[in-house]
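Visitor: have a look; sequence and predicted model below, questions after that.
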Amino acid sequence: MVQIDAVVTDKDGKLIKGLKPENFELLEENKPQKLEAADYYDTEKIEVAANGDAEPIVIDLETANDPEKLRPIVRDHRLIVLFFDTTSLNPEDLIRSTDAATKYVKQQMAPPDLVAVIMFGTTFKTLASFTNDHDVLLQAIASMVPGKESMLAGLSTTAADAVSQDDQSAAQVDDTEFNIFNTDNKLYAVQVLSELLAGIPGKKSVLEFTSGVTQTGEENRSSLQAATDAANKANVSLYQVDSRGLMTDALDASTGMSRGTAGFSGQTVMAVSNARHASRDTLYTLAADTGGRTFFDLNDFTGIFKQVQDDTTGYYLLSYYSSNTARDGRYRQVKVKLVGLPPGAHIKHRPGYYAPKEFGIFNTEDREKQLDSAMGSDAVIVELPIAVDTAQFRFPDGQFFVPVSAKIASSALQWAKKSGQHEAKFDFLYEFREIKTKKIAGVQRDTMTVQLDAVNFEALSQKSLVYQGGIMLGSGSYRLKFLVRDNSSGHIGTFEQNVNIYPARPNQLQLSTVMLSSQLVADTARVRGQGARQGGAGQQIRRNTLGNSARVRTSPLDVNGQRIVPSVTRVFTSAQTLYVLFQAYAPPKTDPAALRAGLVFFRNGERSNDTPVVEPADINPITHAASFRISLPLEKLATGNYTVQAVVVETGGTQAAFARNYFNLRKAAAPAPTANAAPGSPSGSLNPDNR
């Protein structure tokens, strides 16, 4: 569905209300479209029925994602966002902008107005969500006191200062790369803001206070399109305010006079004029393509707020389903004509929108932005269902190896058929962020391709895929966010959980995670960087690893040339063998060779089975780690819910410790063909889950 907001006035400029869908003729790319609805939003109702004793309205932008619930709240209200781009505003411009905003709240803000205050600087901050509480808004505006952040803008070289009498005396610095990055950030902030507002029904007017956005060419075109697209989808109109105020030919009130006679040369005047127009082109484009306006060369901003109020006093929201079903990402022009109205009637509306885009025609930048957007979103994405689990194994110097395993249902994947084989491509991206500081402690990126012949594809279609990765972290409390994307369909799945890594206690015996598995795979090769390795029966895994991966010489999951595939969901059948892996970390004065371990099973809360006590399978004299690997056939156990407890004791000593994990045991299903699997590198691999 496409929604276009439109304002209809008579020859005297007065709003025309009460129109029906048949009063509009809507054309998309010159093709008539059938209107589903023409809803009128009337703020004059609130103006007339204003109640000063009513409770203030507050719409939390962080949780505003239910349009039907919000519709009666915002109905007939203006939604206005005061958006301050402090990356471009120098102190004088910021003061000029905040003074105007303060004056608007105190003197011009009307009863129907719901206003939000947002700033973009080193971070994107919501200072005040939509509200009509004047005190809250004034406090939010006052919090933007010029400081270090805005002072950075004032340190940039002005166009006048950049021109000297002898332009061959020094090498010219190429700031193109920085400017591309800076402009992309500004445009991305507009995109993020629009997506934040998307869950709120009705038209949203964003007044962006800025000192200009300068593009450097085609490099920023994709970012500009993405920002415009997001605004149109969210029914956001951008009103661009050049906070530099009235500017003369040679300089403006925000810049100092250049030294010497350079400021009086034609070269200087031309340079300043060109720089000024270049910084306004993008502002004009954003406003024009979203149905907003631009305001340049103004020292009095009073009329700006009045214009926004007038544009949203009353408007129609025209809704239709486009007859063009192509998902090509192209811009589609929309024209609306009035039918059956007196002469002089006029309509102003959003000029068009960008069509949805199939993932198959995404370019590299589109794909990366899709990943960035998904990782930055607070919402869980379930287009591709996944389950994720982690473990912890101690390494020297206070570091921990954290295996990360994810289970993906093969039935949810879109397999492509190429040269008689079935192929699926994946992107895996996960990050650990410190809960208290929100800083990223570790990030991992894997790109993989799986190829299967007909026999293995048939077998794998009845199973799941298990991804194995890992990362090195220090002790602390983290929030893990895991993302997988099927690169054939573009479907994404995300998963989040807290991970607590407790520091080592030097004088106490401690255990790692008790890892459970029912599967071992051959681990006879390693892939470094980017490459390919042929697996059994036609399966092939290609990978390209980026980021802070776990570069470990010997992973605890590697056992005598085999790798343990962790069970993510910890659901087993009685026909399988249970593999249990854990490590014990002995204190300095305890010999790890003296440690012994066994397993105790509790079924439905009652003790049911034990295993014999065994010696360590491997000992690391440097880390004092004793590795235990215990396996047993599950056919001996009754079905049900189990707690498995690993117990480690020191023979002839006093040290003892235990750790637990949980699993569910079910009856065995009918046997199915087994797909051969090719493991990947130490930091990431894909294997079929033979459960």
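Guide: Nice, I can see it. Everything numeric in this text was worked out from a predicted model, so none of it was measured.
Visitor: you'd agree Ala140 is in a strand?
Guide: No - using DSSP: H, G, I helix; E, B strand; the rest coil, the assignment for Ala140 is helix, not a strand.
Visitor: I'd assumed Ile118 was in contact with it.
Guide: No - look at Ala140 against Ile118 with Cβ atoms under 8 Å: they stay out of range, at 9.0 Å. C-beta here means a position set from N, CA and C on the backbone, and glycine is covered the same way.
Visitor: quickly list what's touching both of these two.
Guide: Here Ala140 and Ile118 share the contacting residues Leu127, scored by Cβ atoms under 8 Å, 6 or more residues apart in numbering.
Visitor: which parts of the stretch 351-500 of the chain are helices?
Guide: In the stretch 351-500 of the chain, the helices defined using DSSP state H, counting those that start in this stretch lie at 364-376, 454-460.
Visitor: what's the answer for the stretch 101-250 of the chain, then?
Guide: Assigned by DSSP H, counting those that start in this stretch, the helices in the stretch 101-250 of the chain fall at 134-142, 148-154, 159-162, 176-197, 221-233.
Visitor: worst average pLDDT in those?
Guide: Set side by side, these give their lowest mean pLDDT on helix 159-162, at a mean of 31.
Visitor: residues contacting Lys357?
Guide: Counted by Cβ under 8 Å, 6+ apart, Lys357 has contacts 327-329, 366.
Visitor: among those, which are in helices?
Guide: Asp366 (DSSP state H).
Visitor: coming back round to it: ranking the helices of the stretch 351-500 of the chain by burial, who's on top?
Guide: helix 454-460 (a mean of 19; mean count of other Cβ atoms under 10 Å).
Visitor: check which helices and strands it is in contact with.
Guide: Here helix 454-460 touches strand 421-434, going by 3 or more Cβ pairs under 8 Å, 6 or more residues apart in numbering; DSSP states H and E.
Visitor: partners of the strand it packs on in the sheet?
Guide: Note on strand 421-434: by DSSP bridges, its sheet partners are strand 416-418 (antiparallel), strand 440-452 (antiparallel), strand 476-486 (antiparallel).
Visitor: quick check: angle from it to helix 364-376?
Guide: Counting by axes from the mean of the first three to the mean of the last three Cα atoms, to 10 degrees, strand 421-434 lies at 50 degrees to helix 364-376.
Visitor: buried sites along strand 421-434?
Guide: 421-433 (16 or more other Cβ atoms under 10 Å).
Visitor: next, format the contacts of Lys357 as JSON lines and append pLDDT and distance to Arg666.
Guide: Shown next, in JSON lines, are these (pLDDT from 0 to 100; distance: Cβ to Cβ, whole Å):
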{"residue": "Arg327", "pLDDT": "77", "distance to Arg666": "42"}
{"residue": "Asp328", "pLDDT": "75", "distance to Arg666": "47"}
{"residue": "Gly329", "pLDDT": "72", "distance to Arg666": "46"}
{"residue": "Asp366", "pLDDT": "76", "distance to Arg666": "43"}
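Visitor: among the contacts of Lys357, name the buried ones.
Guide: For the contacts of Lys357, buried by 16+ other Cβ under 10 Å: 329, 366.
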